[in-house]
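> can't give you the sequence, but here's the structure:
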């Protein structure tokens, strides 16, 4: 989880702007807050032993699920603080952080 935090911090330094710096900072702070909340959440969503071995997710799936949970939580934080109007700009910031590609494109 800490590696993801450093990854986001590293990428934010390299972003070339299409949105203003204030919005970029707001989105970055929401991502950091979401990561901190995820670090504090230690309770697994499914109890140990209740998953059949053949249904255990591989490492790539676990990373993608973690990223999705962080983005979901960051979106909730942004909407709570700034309303739904910020989501379009937040999406632009995330695309910049992702190098301009969607998650489907990066999987190929």
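Looks like it came in fine. Everything quoted here is computed from the prediction, not taken from an experiment.
> residues near residue 66, how many?
Number of residues near residue 66 (other C-beta atoms under 10 Å) recorded here: 14. Where C-beta positions appear, they are placed from N, C-alpha and C, glycine not excepted.
> measure residue 63 to residue 70 for me?
Distance, residue 63 to residue 70, by C-beta to C-beta, to the nearest Å: 11 Å.
> out of those two, which sits in the more crowded spot?
The neighbour comparison of residue 63 against residue 70 (other C-beta under 10 Å) goes to residue 70, with 21 against 12.
> excluding covalently adjacent residues, which one is nearest to the more buried one?
Nearest non-adjacent residue to residue 70, counting by C-beta to C-beta, 6 or more residues apart in numbering: residue 34, 4.9 Å away.
> burial of that neighbour, as a residue count?
21.
> just the pLDDT for it.
Note on residue 34: pLDDT of 94.
> same question, residue 22
The predicted local confidence for residue 22 is 93.
> one more: residue 52?
Reported pLDDT for residue 52: 62.
> so for the lengthiest helix in the chain, mean pLDDT?
Across the chain, the longest stretch assigned as helix under DSSP state H is helix 59-82. For helix 59-82, the mean pLDDT works out to 93.
> if you count contacts, what does it end up packed against?
helix 2-13, helix 21-40, helix 87-97 (3 or more C-beta pairs under 8 Å, 6 or more residues apart in numbering; DSSP states H and E).
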